[in-house]
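J.: I need the structure of the sequence given here:
(chains A and B)
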Protein chains: 2
Amino acid sequence: MGKIICAGLGPGDPELMSVKSDRIIRGARHVAFFRKKGRAGQARTIVKDMLREDVIEYPMEYPVTTELRFDSEEYRALMVDFYAEWADKLETLSKAHEVVVLCEGDPFFYGSFMHLHTRLQGRAEVEVLPAIPGMVGCWNALDMPFTWGDDVMTVLMGTLPEAELVDHMMRGDALVVMKTGRNLPAVKRALAAAGRLDDAWLVEKGTMPQQRIARLADTDEDDCPYFAIVLVHGQGRRPEAGE
Amino acid sequence: MGKIICAGLGPGDPELMSVKSDRIIRGARHVAFFRKKGRAGQARTIVKDMLREDVIEYPMEYPVTTELRFDSEEYRALMVDFYAEWADKLETLSKAHEVVVLCEGDPFFYGSFMHLHTRLQGRAEVEVLPAIPGMVGCWNALDMPFTWGDDVMTVLMGTLPEAELVDHMMRGDALVVMKTGRNLPAVKRALAAAGRLDDAWLVEKGTMPQQRIARLADTDEDDCPYFAIVLVHGQGRRPEAGE
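T.: Numbering: from 1, shown residues only, chains lettered A, B, ... in the order given. Here you go, the predicted model:
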């Protein structure tokens, strides 16, 4: 069996990837990465100054991203074929060369590589290198402690039904909402219903040069960046003077 | 104002810290870290092969760890004095030298440094370097995708009341339980009550040389390691063939 290494890239700043991912990527001859058709790709952009001169690149272009609803049969069928095709290609390639697959954030935390990881079991040796999840980079960008003491932290996808969002937002202390984009108006309404909107931050492209931070309540209704995370800090127990 | 850098160390394997933390620690002349009295300290152990020969070390020894209940007045008073004393010491030191404070995991995610960060505002320039949280190292050690699709991830402390644990465990998809130790029997009962015990893993010292992985249901009642995390994987939506 050949070897495939999935290198987690972290939140975006190349200095925040692990020493191990950094070394593996700088030494890699065969590098694959996901991207939207016609784009450079976020993962490829993060490593742009790290690749060998003689690197051979394998862009894995999603057949569809937001043009179809993710729960439609057509979307599902296209993605099944896409992952099956790339699992085959990577297996074949790995028999001749070690292959490095790039993955933003931490690969096992809502990452696209997991769909290849599942399909490659028994067909290649697969090693996954963990990384700082995007949400950790985003709360670091806000420069405030995120969770204290007994805080319950809840990570939610903006794609969930609004009523479920409200329910979880009322029960969690620290909140993270990912996959915002076009779901952001619903996320805002849910936070308002849960009484948490005034404490919510929007972090777009956290740790990257184009990083932008805003209080969510101050953003416009049509301001729905695709690559953004919503954060509400926990306020748990801490030993303070005069508490 | 002087400068204090809190360098997140990640889950334990030195190769998993960020390129930036690695560089800052290798170059540091003044290094502070928390530890239990009479111990080497986990943070210090992680960086043992990285420190300069002429490093000056400042062990910040907790006045108490598990001898007193964390919610007792005596514990609170001791910790308030401890953090106030070290905030003063680090502020003074930083006026003469840049100081690096080590912190396991990600500093803003339930980290002890947050108590100094709060107290040092306006007294020193404080920079925090994010890192891979311990839980991410632990799910990587299990080599299985942790969260898929719309999964809700809930992070819980084993110190919470058992009924609250059960309530959250029934509502979350992927579950992380930290601060286990002596609370592990209650955590096990709560997982069983929520119908999740059979899917739960115990990971002790994830990514470290002494790493140990066990199915939680198979562990003995008196097997309550201090430095362990409980994980239950999410099973969310994914495009599989024949789904």
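
J.: Return the distance of the nearest residue to residue A:46 once chain neighbours are set aside relative to residue A:101.
T.: In space, residue A:46 comes closest to residue A:9 once its chain neighbours are excluded; the distance is 5.1 Å by Cβ to Cβ, 6 or more residues apart in numbering or on different chains. Any C-beta I mention is one placed from the backbone N, CA and C, and that applies to glycine too. Per Cβ to Cβ, to the nearest Å, residue A:9 is found 11 Å from residue A:101.

J.: More neighbours: which of those two?
T.: residue A:9 (31 against 27; other Cβ atoms under 10 Å in any protein chain shown).

J.: thinking residue A:182 is in contact with residue A:224, fair?
T.: Yes. Under the criterion of Cβ atoms under 8 Å, residue A:182 makes contact with residue A:224 at 5.6 Å.

J.: Name the residue in these two with the higher neighbour count.
T.: A count of neighbours by other Cβ under 10 Å puts residue A:224 above the other of residue A:182 and residue A:224, at 18 against 12.

J.: Could you check how far that one is from residue A:5?
T.: On the measure of Cβ to Cβ, residue A:224 and residue A:5 end up 35 Å apart.

J.: and if you look at residue A:128?
T.: Counting by Cβ to Cβ, the gap from residue A:128 to residue A:5 is 8 Å.

J.: how does chain A divide into domains?
T.: A:3-132, A:135-232 (automatic domain parsing).

J.: Mind putting the ones you listed into CSV with mean pLDDT?
T.: Listed next are the domains of chain A as CSV, based on pLDDT from 0 to 100:
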stretch, mean pLDDT
domain A:3-132, 94
domain A:135-232, 95
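
J.: In TSV, list those domains along with distance to residue B:59.
T.: Shown next, in TSV, are the domains of chain A (distance: least, Cβ to Cβ, whole Å):
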stretch	distance to residue B:59
domain A:3-132	25
domain A:135-232	23
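
J.: can you tell which of these is closest to residue B:14?
T.: domain A:3-132 (7.4 Å; Cβ to Cβ).

J.: the strands in chain A, which residues?
T.: Counting by DSSP state E, the segments of chain A that form strands are A:3-8, A:30-36, A:56-62, A:99-103, A:125-129, A:153-157, A:174-178, A:200-204, A:212-215, A:228-232.

J.: Need the CA coordinates for the first one. CSV is fine.
T.: Taking Å, rounded to 0.1, in the frame of the first residue of the first chain, the C-alpha atoms of strand A:3-8 are listed here in CSV:
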residue,chain,number,x,y,z
LYS,A,3,1.1,6.4,1.7
ILE,A,4,-1.2,9.4,1.8
ILE,A,5,-0.7,12.2,4.4
CYS,A,6,-3.4,14.7,5.0
ALA,A,7,-1.8,17.8,6.4
GLY,A,8,-4.0,20.0,8.5
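
J.: For that strand, name the packing helices and strands.
T.: If you count contacts as 3 or more Cβ pairs under 8 Å, 6 or more residues apart in numbering or on different chains; DSSP states H and E, strand A:3-8 packs onto helix A:19-27, helix A:73-96, strand A:99-103, helix A:113-120, strand A:125-129.

J.: what's the third one in contact with?
T.: Read that as strand A:99-103. A:2-9, A:24-25, A:28, A:30-34, A:43-44, A:46-47, A:58, A:90, A:93, A:111-113, A:116, A:131 (Cβ atoms under 8 Å, 6 or more residues apart in numbering or on different chains).

J.: before we move on, what about the longest one?
T.: Contacts of helix A:73-96 with the rest of the structure, by Cβ under 8 Å, 6+ apart, involve A:1-4, A:30, A:32, A:58, A:60, A:62-64, A:68-69, A:99, A:101, A:115-116, A:119-120, A:123-124, B:239-241, B:243.

J.: now the angle from that helix to strand A:30-36?
T.: Angle, helix A:73-96 to strand A:30-36, by axes from the mean of the first three to the mean of the last three Cα atoms, to 10 degrees: 170 degrees.

J.: mind checking how far the residue positioned nearest the centre of chain A is from chain B?
T.: Closest residue to the average C-alpha location of chain A: residue A:105 at 4.8 Å, with Cα atoms, centre = their mean. Distance, residue A:105 to chain B, using Cβ to the nearest Cβ, to the nearest Å: 10 Å.

J.: In this model residue A:7 seems to touch that residue, though I could be wrong.
T.: No. Checked against Cβ under 8 Å, the pair residue A:105 and residue A:7 is beyond contact range at 11.6 Å.

J.: Just the endpoints, please. Distance across stretch A:219-232?
T.: Taking Cα to Cα, to the nearest Å, stretch A:219-232 runs 15 Å from one end to the other.

J.: Now do that stretch: distance to the chain's middle.
T.: Averaged C-alpha coordinates place stretch A:219-232 at 15 Å from its chain's average position (Cα atoms, centre = their mean, to the nearest Å).

J.: And the contacts of that stretch?
T.: Outside stretch A:219-232, the residues that touch it by Cβ under 8 Å, 6+ apart are A:42, A:66, A:134-135, A:138-139, A:142, A:146, A:158, A:169, A:174-178, A:180-185, A:187-188, A:191, A:196, A:199-206, A:212, A:216.

J.: What subset of the residues you listed is buried?
T.: A:42, A:134-135, A:138-139, A:146, A:158, A:169, A:174-178, A:180, A:183-184, A:187-188, A:191, A:196, A:200-206, A:216 (16 or more other Cβ atoms under 10 Å in any protein chain shown).

J.: Please list which of the residues you listed are also close to chain B.
T.: Filtering those for proximity to chain B by Cβ under 8 Å from any Cβ of the partner chain leaves A:139, A:146.

J.: which phi and psi does residue A:150 have?
T.: When read as degrees, to the nearest 10, the backbone of residue A:150 gives phi -100, psi 10.

J.: Name the nearest residue to it, sequence neighbours excluded.
T.: Nearest one to residue A:150, counting by Cβ to Cβ, 6+ apart, is residue B:157 at 4.8 Å.

J.: which residues touch that neighbour?
T.: Taking Cβ under 8 Å, 6+ apart, one finds A:149, A:150, A:151, A:152, B:110, B:177, B:178, B:179 in contact with residue B:157.

J.: Okay, and the beta partners of it?
T.: residue B:178 (DSSP bridges).

J.: ok, it to residue B:30 distance?
T.: Taking Cβ to Cβ, one finds residue B:157 at 32 Å from residue B:30.

J.: measure stretch A:33-51 end to end?
T.: 13 Å.

J.: ignore the last one, stretch A:35-44
T.: 8 Å.

J.: just curious, which of the contacts of residue B:157 is nearest to residue B:13?
T.: Of the contacts of residue B:157, the one sitting nearest to residue B:13 (Cβ to Cβ) turns out to be residue B:178, at 18.5 Å.

J.: what sits against residue A:172?
T.: Residue A:172 touches A:152, A:153, A:154, B:154, counting by Cβ under 8 Å, 6+ apart.

J.: swap that for residue A:135, please
T.: Residue A:135 neighbours (Cβ under 8 Å, 6+ apart): A:155, A:176, A:178, A:229, A:231.

J.: Distance check, it against residue B:57.
T.: In terms of Cβ to Cβ, residue A:135 sits 33 Å off from residue B:57.

J.: cool, residue A:96 as well?
T.: Relative to residue B:57, and taking Cβ to Cβ, residue A:96 is found at 49 Å.

J.: No further questions, thank you.
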